[in-house]
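Asker: I'd like to go over a predicted model; first the sequence, then the structure.
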Amino acid sequence: MAGQRTILVWKWILCAAFRIALAYAIVGCTVLYSRDGIRKYVQFPSFSYMTATLIVWEKTLGDTLRGTWHAFIGMCLVTGATILSLWLVRLDQFTPELAAVVVAVGTFAIVLMPKFIPLLSKRIALCGLVIVYVGTAIDGPVSRIVMRPLYVAASTTLGAGASILAMLLPFPHLATLEVKNKCKEYNKNAHERMNLFMKAMVVEDSAVAIELEAEAKILKEKARKLTKIIQRCQEGMMWEVPYLKLTKPAYKQPADTLKQIEVTLQGMEMAVAASRLQSPGEPVDERLKDAMQSMAQELTQKFVQIKTSFPFSTPTAPVQNPKSAPVNHLPSLDIYGTKQQLSMSFFLFCTKYLTQESSGDSTNSNRRYKWEAMLNGWLPCRQDLILATKWALSLGLAVLFGLTYDKEQGYWSGLAISNSFTIKRQATFSGANARAQGTALGSIYGVLGHFICHRFAKLRLLFLLPWIVFTTFLRHSKSYGEAGGISAIIAAFVILRREGYGTPSEFGIARMTEACIGLCCYIFVEVALQPNRAATLSKAQLSQCLGAIKDFTEQFLVIGTSQSSQLRPLIEDEKRKIHNKVVALKEFIQEAKTEPNFWFTPFQNDSYALLESSISKMVDLLSFTTSATELFSHELKTFDCSCKDKRRQISTDVELFKTRLCSSLKYLEEGTSGKLSPSTPPFSAEVEKELEAENSGEDLEVGISGNKFRTSSINEEELENIINNFLQHSWDVIENNQVANDAEQRNKLLLCLGCIGFCMRSLVIEAREAEKVAKELSRKEKS
């Protein structure tokens, strides 16, 4: 297994290195051997190499076509902006100070453009601004105003054209084929995990169950990587096969389908873990084993059907469909009330709805969300203004100080940060450190290569080949990442191809110094305009996630409402918002791990990771709960009026559970945010004494004093009674109606009932664990 993985990794790396080396060779041959009429327009070959690097490195044909179009948009932006600005100012007085001002104004305008302008387009436009304005400040005006922007446009075109040719020769690297192969691998992976979970669910030996779970976790990590590859390549499919835009979302957005399947498998994993912990070694009912075997056969057929389609025939999800397939083969148990039976019924709920087709509500919700995002993208918000101001000041100061230090090499201070432009928040210090180290490594390699191959200038590209392979590995490392890898490969290539600019060592030192000037300006502006550390943002985002879960529970955890089916689009929208909040929390935690602590309290990565894990599980559990409650409410409508009292009791039980759980989540939210509500009483006098005994402290970073961490202790016994009452009342409703004689409807209701009961208990467990970790985190931050 390890040897096969090594072969696959090397194959991927060598293919990516070959493509970018071929693109470099095409650019180099064009610059060296093309006609004079072509070469005179390619005045900035380094920009051609940079463009090729941004477009073709580890990309598919579809990604390259899309990147070429984005480069064309960026080229139009920089050409129009620079020609207009150069026509308005006096070129004979274009000083470094004026160049810095013009770069800052142009950067502000480009960054503030509508959000649907691609990121790569803005990145290339910013690089073009630096080249045109700094070149004008260094060399003075050319014969015609349009010439220097035209040189930049020609260099961009050469880099983009070389990228397309490199991706086509000797055979194209198709995103369509890549997605198809990865979808098949994921299908096999998901099928294997499903079989492992089924075996672990019915096995009586706890040791064997633990081994099966461990094997499933290994496959889960592999599935996560496959999903990332598919998500990265699915946009390229639209450029290779344009008619896919007119097909079903399952064809053009297979990653969404995989995420839905992954949530279902996550539910199976939670059911297996709960069954092993709550009832270890307890024998499993033989009827349930038979049901598992029957369900396994049905799921096997489903996976075979998925495997033969491209990439998937129908989206699957843990979302219910009231007109679902019959479930007659499930056993008729007395009640799914014990912990083992609840785990088993929840597992069956997951496996059953893995075979169901989801309705179009999620698709319509995603389409509506995209239109809303596009409309909102026209108007800049406060965060957009801050982002534009930050990049404008960074590039303006970088150009000013770069030209002041060394006028001849003033390009590189601005290019060092403009080629890594992004709209997302970055880890300021670690990102700048990765770019600085990448620039240093690449410069050293370039100087050594120039020394070794100084007599054979034509062979320098061959000397660059092993460096391309190395930087491709470097790009996937945690220490350097994409920014460090790009900086390393560009630094080496720029030095290797330079001629007539003094000794390579002098040029390398000058370029490294200019890059450090630009990065220092970037760090200074970032800290000045956005001083909040990632650790502080992680704490705030954690509180927001808990608040969103609390609000979602209060609003959508309902049973018996006649509007439950109409709530589904709104539920999907809220799920997406909560998911985005959790993703942001993960990003802040990851950033905080890599940032230096300075004089602040060390970031408690382990505690935040545990809290993020609990929150993610609660989000998945709420997703299953809303699906089950909707179907359960739909079936309750068919019952006669004699059960109104029991149905009212069911609703009362759910409301009581929500009240208790949301009260705990509220205290947890306030405790993590530092905003307390002393008027809200805790559950018990013991908890009040515990809260009063806690010491007050100060958080200088967030500016809030006396932020005692107060949480209401979860009264598990009370919540357990509420859940048991809910199950009993629901069971009475099922048995006292005609549904008792309808095996299909009865089994469907039992599945929903078991799912709701399991999710309720699991929500209590996760809230309790989150409370424990949060209390421990509070103690560590105060110490």
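Answerer: Structure received. A quick note: this is a predicted structure, and the numbers were derived from the prediction, not measured. Numbering: from 1, shown residues only.
Asker: From K577, how far out is the residue lying closest to L557 once chain neighbours are set aside?
Answerer: Of all residues not flanking L557 in the chain, K658 sits nearest, at 5.5 Å (CB to CB, 6 or more residues apart in numbering). C-beta coordinates here come from the backbone N, C-alpha and C atoms, glycine included. Distance, K658 to K577, by CB to CB, to the nearest Å: 19 Å.
Asker: Which of those two has more residues huddled nearby?
Answerer: K658 (19 against 14; other CB atoms under 10 Å).
Asker: Remind me what the helix or strand containing that one packs against, helices and strands.
Answerer: Taking DSSP states H and E as the criterion, K658 maps to helix 644-673. Helix 644-673 sits against helix 534-556, helix 716-735, helix 743-782, with contacts defined as 3 or more CB pairs under 8 Å, 6 or more residues apart in numbering; DSSP states H and E.
Asker: contacting residues around G484?
Answerer: 434-435, 437-438, 474-475, 477 (CB atoms under 8 Å, 6 or more residues apart in numbering).
Asker: and what of P96?
Answerer: Counted by CB under 8 Å, 6+ apart, P96 has contacts 137, 399-400, 403-404, 407, 410.
Asker: give me that answer again for 6 Å
Answerer: 137, 403 (CB atoms under 6 Å, 6 or more residues apart in numbering).
Asker: Quick check: it vs T404, distance?
Answerer: P96 sits 6 Å away from T404, going by CB to CB.
Asker: ditto for A214
Answerer: Distance from A214 to T404, by CB to CB: 59 Å.
Asker: who's more crowded, these two?
Answerer: T404 (14 against 10).
Asker: ok so the more buried one is a strand residue?
Answerer: No - if the criterion is DSSP: H, G, I helix; E, B strand; the rest coil, then T404 is helix and not within a strand.
Asker: if I look at it, how far off is G161?
Answerer: T404 is 36 Å from G161, by CB to CB.
Asker: ditto for L277
Answerer: Distance from L277 to G161, by CB to CB: 60 Å.
Asker: okay, the helices and strands packed on helix 644-673 in JSON lines with distance to A483, mean pLDDT and mean neighbour count next?
Answerer: Listed next are those as JSON lines, based on distance: least, CB to CB, whole Å; pLDDT from 0 to 100; neighbours: other CB atoms under 10 Å:
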{"stretch": "helix 534-556", "distance to A483": "17", "mean pLDDT": "88", "mean neighbour count": "21"}
{"stretch": "helix 716-735", "distance to A483": "48", "mean pLDDT": "78", "mean neighbour count": "18"}
{"stretch": "helix 743-782", "distance to A483": "31", "mean pLDDT": "83", "mean neighbour count": "22"}
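Asker: out of these, nearest to L61?
Answerer: Closest approach to L61 among the helices and strands packed on helix 644-673 (CB to CB): helix 534-556, 36.9 Å.
Asker: Can you show me the strands along the stretch 401-550 of the chain?
Answerer: Per DSSP state E, counting those that start in this stretch, the stretch 401-550 of the chain carries no strands over any range.
Asker: re the thing from before, dump the helices and strands packed on helix 644-673 into a markdown table; add distance to C521 as well.
Answerer: Converted to a markdown table, the helices and strands packed on helix 644-673 look like this (distance: least, CB to CB, whole Å):
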| stretch | distance to C521 |
| --- | --- |
| helix 534-556 | 21 |
| helix 716-735 | 55 |
| helix 743-782 | 33 |
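Asker: How many neighbouring residues does the residue nearest to F463 when sequence neighbours are not counted have?
Answerer: Spatial nearest neighbour of F463, excluding adjacent residues (CB to CB, 6+ apart): G449 at 4.5 Å. By the criterion of other CB under 10 Å, G449 has 23 neighbours.
Asker: Wait, M295 touches T351, no?
Answerer: Yes - with contact defined as CB atoms under 6 Å, M295 reaches T351; the gap is 4.9 Å.
Asker: Which one's more surrounded, the two?
Answerer: Set M295 next to T351 and count neighbours by other CB under 10 Å: T351 wins out with 26 against 21.
Asker: Would you mind giving both backbone torsions of the more buried one?
Answerer: With angles defined as degrees, to the nearest 10, T351 sits at phi -70, psi -40.
Asker: was I right about it contacting V272?
Answerer: No - taking CB under 6 Å as the definition, T351 is not a contact partner of V272, at 11.7 Å.
Asker: isn't there a strand covering P380?
Answerer: No - in this structure, P380 is coil, not part of a strand, as judged by three-state DSSP.
Asker: How about it: what's its closest non-neighbour residue?
Answerer: L112 (5.5 Å).
Asker: what's the distance between that neighbour and L441?
Answerer: 35 Å.
Asker: Of the two, which one has the most company?
Answerer: L441 (21 against 17).
Asker: quick one: low-confidence ranges for the stretch 151-300 of the chain?
Answerer: Applying pLDDT under 70 to the stretch 151-300 of the chain flags the ranges 243-252, 278-294, 296-298.
Asker: what's the closest of the helices and strands packed on helix 644-673 to A584?
Answerer: Closest among the helices and strands packed on helix 644-673, using CB to CB: helix 534-556, at 5.6 Å.
Asker: Show me what secondary structure element comes after that closest one.
Answerer: Trace forward from helix 534-556 with DSSP H and E and the next one is helix 568-594.
Asker: Name the surrounding residues that touch stretch 574-582.
Answerer: 544-545, 548, 552, 616, 619.
Asker: And stretch 417-430, by the same measure?
Answerer: Contacts for stretch 417-430 (CB under 6 Å, 6+ apart): 123, 126-127, 130, 394, 483, 518, 522-523, 526, 591, 594-596.
Asker: Name the nearest residue to K199, sequence neighbours excluded.
Answerer: L212 (5.6 Å).
Asker: Was I right to think T471 contacts S487?
Answerer: No - using CB under 6 Å, T471 is not in contact with S487; the gap is 9.1 Å.
Asker: For C545, give me its contacts.
Answerer: Contacts of C545 by CB under 6 Å, 6+ apart are 581-582, 585, 615.
Asker: Show me just the buried residues among those.
Answerer: Listed as buried from the contacts of C545 are 581-582, 585, 615; burial here means 16 or more other CB atoms under 10 Å.
Asker: Which one of those is nearest to F47?
Answerer: Using CB to CB, these come closest to F47 at L585, 38.1 Å.
Asker: For M50, see how far away the residue lying closest to the closest one once chain neighbours are set aside is.
Answerer: Sequence neighbours aside, Q541 is the residue nearest to L585 in space, at 4.5 Å (criterion: CB to CB, 6+ apart). Q541 is 34 Å from M50, where distance means CB to CB.
Asker: Model confidence for the residue minimising distance to the centre of the chain, exactly?
Answerer: Centroid-nearest residue in the chain, with CA atoms, centre = their mean: V583, separated by 6.0 Å. We note a pLDDT of 90 for V583 in this prediction.
Asker: circling back to that earlier point, just send the buried ones among the contacts of C545 back as CSV, with distance to Y41 too.
Answerer: Shown next, in CSV, are these (distance: CB to CB, whole Å):
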residue, distance to Y41
K581, 49
V582, 50
L585, 49
I615, 55
